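# coordinates for the following, if possible.
(one chain, ligands or ions: 2)
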Amino acid sequence: MSGSAEAAAIEVTGLCKTFSQRKALDRVGIRVAPGEMVALIGTSGSGKSTLLRHIAGLIPADRLGGDIRVLGQNVQSGGKVSRDVRRIRSRVGFVFQQFNLVGRLTLLTNTLVGLLSRVPTWRSTAHCFTRAEKRAAMASLERVGIAEHAGQRASTLSGGQQQRGAIARAMVQRAQVILADEPIASLDPESSHRVLAALATLNREDGATVLVSLHQIDYAWRYCPRSVALKDGRVVFDGPTHSLTPELLRHVYGSSACWPAEGTSAPQAALTPPALHDARETQHGALSLFDHHCDPARAGCLN
Ligand code: ADP
Ligand code: MG
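Numbers count the residues shown, from 1 in each chain. Ligands and ions are numbered 1, 2, ... in the order given. Okay, here's the model as predicted:
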């Protein structure tokens, strides 16, 4: 079936995945409308990466393990990944925790890779891009605040810059759906906010649907109007992020539950993201404007 205007951007129905007799996903159902920015939260091992990898069509579900559609197209059904998955992936941007960019290529070339599905193969393999394409890639790097690093090898960029490079690539790709798997897991708070602000820009200005897994609730609270919480492979919460209660968080995270720090703005307030420009970013985040992760002095730890 071809996509329709009514189609959900992401639709997961009855998804089950078993690894060596252990259920990693248990009848997961999620429907994400076009233009939403949704956080996928849960402890380590709750199934976030497994779910995102299924939505990307990278792994098949159990044989009777449900269906996944992205932008109205079948990604997988009944344990079989669709033969059309590459075509669907050309409309999906991926921002994963590591291995986002090709280290030996410049940031600009990595960004241009977003055009892969739209330029002839010989041009992309020869890194032969037109001036207009390069201008578009530079404009995306500008939008995420890292244009001054365009000529730098990706391997020499900080983690946060690399993640923003992946987001610029998704902009060039004109991805309609972004799947981001813990994109800030190894970043300092300042860089984390810049990465999430860049994702929020892509969501708001380009209309991309974003599903982003986050280990920490603070960032979901600030950037994502809706959250889906996984626990032991099951959806235990799906609703407005600000309707999460301390009790629900305790259920999701157990004794490590941590209520957002006082002063953390509610999701819609992400409309004024912190400056994306990079001048003050350091590899290890000396400038930690938002460094309040589970700091008992500022945040309400629930245990
Ligand atoms: P999260 O991303 O929330 O930390 P994962 O999706 O990585 O969680 O893992 C969910 C569960 O599935 C865990 O118990 C993990 O050990 C298991 N799992 C994930 N991938 C594999 C795999 N390839 N083989 C076996 N078990 C796996
Ligand atoms: Mg994971």
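
# what residue in the stretch 201-303 of the chain comes nearest to ligand 2?
The stretch 201-303 of the chain approaches ligand 2 most closely through Ser213 (6.4 Å), counting by C-beta to the ion. All C-beta atoms are positioned from the backbone trio N, CA, C, and that covers glycine.

# so what's that residue up against?
Ala39, Leu40, Ile41, Gly42, Lys48, Ser49, Leu52, Ala180, Asp181, Glu182 (C-beta atoms under 8 Å, 6 or more residues apart in numbering).

# tell me what it is bridged to.
Leu40, Asp181 (DSSP bridges).

# can you verify my assumption that Ala24 contacts Gly47?
Yes - in this structure, Ala24 is within contact of Gly47 by C-beta atoms under 8 Å, at 5.3 Å.

# quick check: neighbours shared by those two?
By C-beta under 8 Å, 6+ apart, Ala24 and Gly47 have these common neighbours: Lys17, Gly233.

# who's more crowded, these two?
Shown here are Ala24 and Gly47; by other C-beta atoms under 10 Å, Gly47 has more neighbours (25 against 22).

# measure the more buried one to ligand 1 for me?
According to C-beta to the nearest ligand atom, to the nearest Å, Gly47 and ligand 1 sit 4 Å apart.

# ok, that residue - contacts?
Contacts of Gly47 by C-beta under 8 Å, 6+ apart are Lys17, Ala24, Leu25, Val28, Leu230, Asp232, Gly233.

# now narrow the residues you listed to whatever sits close to ligand 1.
For ligand 1, the contacts drawn from the contacts of Gly47 by C-beta under 6 Å from any ligand atom are Ala24.

# residue closest to the middle of the protein?
Ala180 (1.9 Å; C-alpha atoms, centre = their mean).

# look up how far Tyr253 lies from that residue.
With the distance defined as C-beta to C-beta, to the nearest Å, Ala180 ends up 20 Å from Tyr253.

# can you show me the strands along the stretch 1-150 of the chain?
10-19, 22-32, 37-41, 67-70, 73-77, 80-81, 92-96 (DSSP state E, counting those that start in this stretch).

# dump the third one to PDB, restricted to CA.
Output of strand 37-41 as PDB, limited to C-alpha atoms (Å, rounded to 0.1, in the frame of the first residue of the first chain):
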ATOM      1  CA  MET A  37       8.600  14.500  18.900                       C
ATOM      2  CA  VAL A  38       8.400  11.500  21.200                       C
ATOM      3  CA  ALA A  39      10.800  10.300  23.900                       C
ATOM      4  CA  LEU A  40      11.300   6.600  24.400                       C
ATOM      5  CA  ILE A  41      12.400   6.200  28.000                       C
END
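
# wondering if it reaches ligand 2 at all.
No - residues of strand 37-41 contacting ligand 2 under C-beta under 5 Å from the ion: none, with a closest distance of 9.5 Å.

# outside of that strand itself, list whatever touches it.
Strand 37-41 is contacted by residues 32, 48, 51-52, 199-200, 203, 209-215, 217, 219-220, 223-230, 241, 252 when judged by C-beta under 8 Å, 6+ apart.

# out of the residues you listed, which are inside strands?
Val32, Thr209, Val210, Leu211, Val212, Ser213, Leu214, Arg226, Ser227, Val228, Ala229, Leu230 (DSSP state E).

# residue ranges with poor pLDDT in this protein?
Within the chain, the stretches with pLDDT under 70 are 1-6, 98-99, 117-127, 262-303.

# and the biggest helix by length in it with strand 37-41, angle?
Scanning the chain for the helix with the most residues, using DSSP state H, yields helix 189-206. Relative orientation of helix 189-206 and strand 37-41, computed by axes from the mean of the first three to the mean of the last three C-alpha atoms, to 10 degrees: 140 degrees.

# packing partners of helix 189-206?
If you count contacts as 3 or more C-beta pairs under 8 Å, 6 or more residues apart in numbering; DSSP states H and E, helix 189-206 packs onto strand 37-41, helix 159-173, strand 177-181, strand 209-214, helix 217-223.

# try 10 Å
strand 37-41, strand 92-96, helix 131-143, helix 159-173, strand 177-181, strand 209-214, helix 217-223 (3 or more C-beta pairs under 10 Å, 6 or more residues apart in numbering; DSSP states H and E).
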